[in-house]
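Asker: Attaching a predicted model along with its sequence, questions to come.
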Amino acid sequence: MAIIGWVFFGLVVGIVGKLLTPGRDPGGFILTIVLGIAGALIGGFLGQSLGFYREGEPVGFIMAVVGSVILLLLYRMFTKNRT
């Protein structure tokens, strides 16, 4: 059940991340979920490691979105050269 929660959370974070980064994305629905989950993990880990917040605090969502936006921008930067 926790995996389904992470997938749903990643989907929401990925959608918010895509809304905050204008322009065309080379990825689709699955990539949105993957970037959202990865952004949630990276942003959450960094935020907790740096002592910005503890587990379960609402700012974790913001850090997850920031991580998702960063991953999305990096993905765009690396895939832009391939096309």
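Answerer: Looks like it arrived, so ask away.
Asker: Identify the residue nearest the geometric centre of this structure.
Answerer: Centroid-nearest residue in the chain: Ser68, 2.3 Å away (criterion: Cα atoms, centre = their mean).
Asker: That one reaches Val34, doesn't it?
Answerer: No - Ser68 is not in contact with Val34 according to Cβ atoms under 8 Å; the separation is 10.1 Å. In this view, the C-beta of every residue, glycine as well, is placed from N, C-alpha and C.
Asker: Overlap in contacts, these two.
Answerer: Gly14 (Cβ atoms under 8 Å, 6 or more residues apart in numbering).
Asker: that older thread, what helix or strand does the nearest residue to the residue nearest to the centre of the chain once chain neighbours are set aside sit in?
Answerer: Leaving aside its sequence neighbours, Ser68 sits nearest to Gly39 (Cβ to Cβ, 6 or more residues apart in numbering; 2.9 Å). If you go by DSSP states H and E, Gly39 is part of helix 29-49.
Asker: So for that helix, mean pLDDT?
Answerer: Taken as a whole, helix 29-49 has an average pLDDT of 77.
Asker: Please apply the same query to stretch 52-64.
Answerer: For stretch 52-64, the per-residue pLDDT averages 78.
Asker: I'd like the numbering to begin with 511 instead of 1 from here.
Answerer: Happy to do that; since the first residue is 511 now, the last one works out to stretch 562-574.
Asker: For that stretch, measure first residue to last.
Answerer: One end of stretch 562-574 sits 13 Å from the other (Cα to Cα, to the nearest Å).
Asker: sorry, back to before: pLDDT score assigned to the residue nearest to the centre of the chain?
Answerer: pLDDT, Ser578: 84.
Asker: What residues does the closest residue to Ile547 other than its chain neighbours make contact with?
Answerer: Distance criterion Cβ to Cβ, 6+ apart; nearest residue to Ile547, sequence neighbours excluded, is Gly520 at 3.3 Å. For Gly520, the contact set (Cβ under 8 Å, 6+ apart) comprises Ile543, Val544, Leu545, Gly546, Ile547, Ala548, Gly549, Ala550.
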